[in-house]
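K.L.:
below are the sequence and a predicted model for it; my questions follow.
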Amino acid sequence: MDHDARVDVLVRVVRLWLRHACRYRPPTVLHHHHRRRTASLLRACASGVILLLAGVAPMAVAQPAPAVTPTPAPPDPMDNPYEGRFVQRIRLVGLERVSERLVRNNIRASEGRPLEWAVVREDLRRLERLGEFREVRADIFVLEDGSVEVRYFLAEAPIVQDVVVVGNRELSDQLIGATVRDRTAILPGVAIDEFRIRAAQRVIEDLYRRRGFYRVEVAIDEAELADNGIVIFRIREGPRTQVTALRFRGNDNIPDSRLRPEINTKRRVLLFDAPLDEQIIDQDVGQIINFYRDNGYLDVRAAREIRISPDGREAIVTFFIEEGPLYTLRNVIVDAGRADEPLRVYTPEQIRGLLPLKPGDIFKQVEARRAAEAVRDAYLKMGYVDVVITRDELRAIDTPEVDLRLSIREGERFRTGLVTIVGNELTKDKVIRRHVEVKPDEWLDGAGISESERRLRGLGLFELNPRRGNPPRITIQPENPANPGYRDVLVEINETNTGSLSFGAAVSSDAGVVGSINLRQRNFDLFDTPDSIEELITGRAFRGAGQNFGLTIAPGTQVSTYAVTLSEPYLFESPYGMTGAFQYTQRIFRFYDEDRIGGRLRLARRFGTRWVGGLSLRAESIDLSDINDRAPVDVFEVEDQNTLTSIGFDLARTTVDNRFRPTRGTRTELGIEQVGALGGDFTFTKLTGGYQIFIPIDEDDFGRRTVLNLQTRVGYIPQSGEAPIYERLYLGGRSFRGFAFRGIGPRGVRNDTGELGRDHVGGEWSFFLGAEVQRPLWQDILAVVAFVDSGTLTNDVGFDDYRVSVGTGIRMYLPQFGQAPLAFDFAFPIVEQDRDKTQFFSFSVDIPF
């Protein structure tokens with residue numbers, strides 16, 4: 001057979017093989033889910049053609065190429081052969097429950113445009129992600145006029161009929177159900193989505209493990225899901241695992257006592273549970289590494305091990321640490337970021353002088369960060385608000401030393417332009433401006449911006465809840481080309497409710513039951529009289545000047561109080577403030593009644609943002625009546641009406657982070673009051689002092705802090721026997737838990753018998769020292785406290801007759817009940833004196849309604 005005949009035979013064989021083996025036809029319908037099979041067949045056909053043509057190739061050598069018309073190649077399987085054809089219609093097939101609008105909103109292919117198969121494929125992916133369909137596919141149908149119809153075939157997923165949890169004894173159905181709904185949206189009426197159901201399974205397991213159920217198992221009843229559409233989570237809780245021991249291995253240079261406060265995992269002690277939480281333990285590994293690096297061990301490595309007891313109830317957590325060498329600072333390199341650009345504002349030597357780190361010191365990363373912040377603050381205070389500081393740590397090759405490099409891009413210096421306030425519909429501009437430290441035409445103090453924000457947020461006049469509005473915010477605006485060298489400042493605030501009218505009742509172990517009506521306005525304006533009844537009713541009158549007004553009507557079983565107060569914190573826009581108060585108080589004691597009426601006037605001056613000094617004037621009339629013969633002689637000495645006046649000086653320093661619920665900072669108070677300086681029936685001096693410090697000792701995953709509160713109080717009246725019984729110093733009740741109100745100190749002589757009685761008549765020297773730890777239990781509402789109170793009350797300076805009590809209690813912080821918590825304390829005196837009046841339980845409850 002000659003060459004041409006052989007070629008002709010091979011060509012015929014190829015055609016037959018393609019026709020019958022590959023069975024390829026130009027498709028009129030292309031199924032999305034058959035694309036992979038089509039691609040495989042086409043690749044097989046192409047391979048066969050190549051092999052056959054390879055057999056012909058040797059015969060074609062040295063022969064002239066025949067004049068044949070080329071056959072078009074099969075189309076790319078990832079493209080549709082009708083790509084670019086006009087789309088006449090788009091049809092949705094299979095919809096019953098799912099909204100057609102929802103589907104069409106997720107389809108980008110459109111009628112009246114050329115077909116783009118890539119867009120159709122993306123539509124299918126988007127529809128799959130909705131979680132409403134068990135299967136989705138698209139087909140292309142050719143119409144008579146050559147245009148095409150795109151059909152989306154949608155097989156809807158079955159519906160979840162119910163969600164059931166079984167086997168849960170420790171966690172309620174409500175808690176598990178709410179968590180699953182919030183985090184996975186699995187609830188009756190939604191489509192069955194395998195991915196969401198598995199996610200809900202993991203959510204339940206995580207919910208248990210965060211509470212110490214380390215071996216919890218959650219299974220899904222697949223048969224019930226397939227047959228009836230009911231999602232059943234079958235839970236095997238297992239025992240609750242408590243951390244009973246924390247161990248550190250390899251910490252040769254840092255003791256356990258320094259590492260334990262740095263981690264969130266705790267061990268069980270007495271009443272404090274410590275459930276095992278593997279996620280927190282993993283976070284603790286990172287915190288240990290950060291702590292070591294902050295103390296100079298830059299190469300530290302750490303790992304952890306959890307050992308569970310056979311019964312699954314106890315766990316020992318061990319942290320393994322490889323400390324590495326201790327790094328020191330070799331040098332501080334300061335530059336402008338470019339070799340040819342010098343610093344203009346500060347010299348490198350001045351920059352180094354600002355740093356807390358010096359060459360030879362242990363290189364602590366926390367100090368390095370503070371160094372960069374200190375330099376940045378120095379520039380911000382000078383008006384260089386665009387300064388950028390880059391911090392690099394350059395380690396030596398052969399020695400554990402580090403060079404700290406600070407690259408400073410200084411930027412330009414700016415003055416303050418306009419300071420614009422927006423959002424204050426009621427509050428006057430001056431109330432806000434007095435707390436904003438930047439002033440027009442002065443150098444723009446960038447550091448003062450942050451401090452001003454903090455002060456505005458601490459006023460209690462503006463919205464702080466992000467759900468209801470943005471907290472006070474101060475931003476520096478871009479430079480205006482029309483006013484070069486100046487940057488405007490925008491102050492944004494949202495008004496909030498600053499007034500309250502509450503009706504309530506208070507119950508106290510010191511004062512009995514008290515009913516109360518309290519009217520408070522923290523943003524009062526004495527001169528903003530109402531223009532209409534509507535303004536008065538809606539609270540838009542007498543408001544906006546930042547004054548404080550209070551009216552109290554509080555009758556009670558033992559103590560009744562009626563008072564009105566008005567405070568102007570910035571008198572005539574000066575650093576002086578003035579407070580006036582008028583009050584009537586009636587108190588019923590065991591053997592007599594005390595009526596006190598009078599007023600106080602206090603002029604205060606601020607020194608910066610932390611110090612406040614004050615001058616106080618007091619004038620009161622005190623009347624003791626209904627005196628029983630068994631009352632102490634001290635009561636009869638001042639029976640009937642007496643007048644008392646005084647001048648007082650006080651000085652206070654406050655650095656706490658929150659006035660109502662501090663977690664950090666200190667309070668220091670000193671006072672002297674000279675009674676009789678303006679006349680009256682008594683002359684004596686009263687000295688007082690106090691110091692309180694709040695120290696955060698722990699913080700949980702939700703940012704709630706366990707706080708140690710240490711405080712001491714001192715009082716002294718130098719003139720022996722000059723102070724009347726109602727002006728002496730007292731301890732007990734809420735001021736010294738474990739002892740009754742006015743339950744310790746010197747006792748008085750009975751008037752009827754002349755013998756020493758049981759009633760305490762106060763002293764001239766008091767000392768108190770206490771410590772309290774408050775730990776959050778549930779959200780920001782419930783906390784537990786443990787405390788030690790100690791002190792003495794005598795007539796002579798000293799520490800004789802010292803007393804000590806210990807106890808525990810709970811605090812309930814309910815916003816609807818005001819800022820003060822509901823306090824319930826149980827105290828046990830462990831050191832007491834004869835005739836002391838002890839009190840096991842003390843409490844203070846204030847319930848508005």
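P.N.:
Right, received. Where do you want to start?
K.L.:
and the closest residue to residue 335 other than its chain neighbours, what pLDDT?
P.N.:
Spatially, and ignoring its direct neighbours in sequence, residue 335 is nearest to residue 407 (5.7 Å; Cβ to Cβ, 6 or more residues apart in numbering). Using the backbone N, CA and C atoms, a C-beta is placed for each residue, glycine as well. pLDDT for residue 407: 93.
K.L.:
sheet-wise, list the partners of whatever helix or strand residue 407 lives in with their directions.
P.N.:
In the assignment (DSSP states H and E), residue 407 maps to strand 401-409. Its sheet considered, strand 401-409 pairs with strand 328-335 (parallel), strand 388-395 (antiparallel) by DSSP bridges.
K.L.:
hmm, back to that, so what's the residue count around the residue nearest to residue 335?
P.N.:
Around residue 407 there are 15 other residues, counting by other Cβ atoms under 10 Å.
K.L.:
so it sits right up against residue 394, yeah?
P.N.:
No - Residue 407 is not in contact with residue 394 according to Cβ atoms under 8 Å; the separation is 11.7 Å.
K.L.:
export stretch 664-674 to CSV, keeping only CA atoms.
P.N.:
Extracted in CSV, the C-alpha atoms of stretch 664-674 (Å, rounded to 0.1, in the frame of the first residue of the first chain):
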residue,chain,number,x,y,z
ARG,A,664,-6.9,51.5,89.7
GLY,A,665,-5.6,54.6,91.3
THR,A,666,-5.5,56.3,94.7
ARG,A,667,-7.5,58.7,96.9
THR,A,668,-5.9,60.9,99.5
GLU,A,669,-7.8,63.2,101.8
LEU,A,670,-6.6,65.6,104.6
GLY,A,671,-8.9,67.9,106.6
ILE,A,672,-8.9,70.2,109.5
GLU,A,673,-12.1,71.8,111.0
GLN,A,674,-12.1,74.4,113.7
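K.L.:
re earlier: give the contact list for the residue nearest to residue 335.
P.N.:
335-337, 389-390, 392 (Cβ atoms under 8 Å, 6 or more residues apart in numbering).
K.L.:
where does the protein have low pLDDT?
P.N.:
Under the criterion pLDDT under 70, the flagged ranges of the chain are 1-79, 271, 502, 504-512, 514, 700-703, 815-820, 843-849.
K.L.:
domain map for the chain?
P.N.:
With domains defined by automatic domain parsing, the chain comprises 1-78, 162-236, 242-322, 328-409, 415-492, 651-848.
K.L.:
so can I have a markdown table of those domains showing distance to residue 524?
P.N.:
Putting the domains of the chain into a markdown table (distance: least, Cβ to Cβ, whole Å) gives the following:
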| stretch | distance to residue 524 |
| --- | --- |
| domain 1-78 | 71 |
| domain 162-236 | 41 |
| domain 242-322 | 44 |
| domain 328-409 | 35 |
| domain 415-492 | 11 |
| domain 651-848 | 18 |
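K.L.:
for residue 574, which of the ones you listed is the nearest?
P.N.:
Nearest of those to residue 574, taken as Cβ to Cβ: domain 415-492 at 9.9 Å.
K.L.:
in space, what's closest to residue 655 - neighbours in sequence excluded?
P.N.:
Nearest non-adjacent residue to residue 655, counting by Cβ to Cβ, 6+ apart: residue 665, 4.1 Å away.
K.L.:
actually residue 342, not the one I typed
P.N.:
Of all residues not flanking residue 342 in the chain, residue 336 sits nearest, at 6.2 Å (Cβ to Cβ, 6+ apart).
K.L.:
buried ones in stretch 412-427?
P.N.:
Within stretch 412-427, the residues that count as buried by 16 or more other Cβ atoms under 10 Å are 413-417, 419, 421, 423-424, 426-427.
K.L.:
in a markdown table: those residues, plus distance to residue 825 and secondary structure.
P.N.:
Putting the buried residues of stretch 412-427 into a markdown table (distance: Cβ to Cβ, whole Å; DSSP: H, G, I helix; E, B strand; the rest coil) gives the following:
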| residue | distance to residue 825 | secondary structure |
| --- | --- | --- |
| 413 | 57 | coil |
| 414 | 55 | coil |
| 415 | 56 | strand |
| 416 | 51 | strand |
| 417 | 55 | strand |
| 419 | 48 | strand |
| 421 | 45 | strand |
| 423 | 43 | coil |
| 424 | 42 | coil |
| 426 | 41 | coil |
| 427 | 39 | coil |
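K.L.:
out of those, which comes closest to residue 688?
P.N.:
Using Cβ to Cβ, the shortest approach to residue 688 within those belongs to residue 427, at 35.3 Å.
K.L.:
correct me, but the closest one touches residue 544?
P.N.:
Yes - counting by Cβ under 8 Å, residue 544 is a contact partner of residue 427 at 5.2 Å.
K.L.:
any common contacting residues for these two?
P.N.:
By Cβ under 8 Å, 6+ apart, the residues touching both residue 427 and residue 544 are residue 523.
K.L.:
flag every buried residue along stretch 646-666.
P.N.:
In terms of neighbour count (16+ other Cβ under 10 Å), stretch 646-666 has its buried residues at 646, 648, 650, 652-654, 656, 661-663, 665-666.
K.L.:
please report how far residue 143 lies from residue 90.
P.N.:
Plainly put, residue 143 is 13 Å away from residue 90 if you go by Cβ to Cβ, to the nearest Å.
K.L.:
between the two, which one's more packed in?
P.N.:
residue 90 (19 against 12).
K.L.:
now the more buried one: how far from residue 729?
P.N.:
According to Cβ to Cβ, residue 90 stands 88 Å off from residue 729.
K.L.:
returning to that earlier point: looking at the domains of the chain, which is closest to residue 534?
P.N.:
With Cβ to Cβ as the measure, domain 415-492 is the member of these nearest residue 534 (14.5 Å).
K.L.:
end to end, how far does the closest one reach?
P.N.:
Domain 415-492 stretches 20 Å from its first residue to its last (Cα to Cα, to the nearest Å).
K.L.:
of the buried residues of stretch 646-666, closest to residue 674?
P.N.:
Comparing the buried residues of stretch 646-666 against residue 674 with Cβ to Cβ picks out residue 646 as the nearest, at 6.1 Å.
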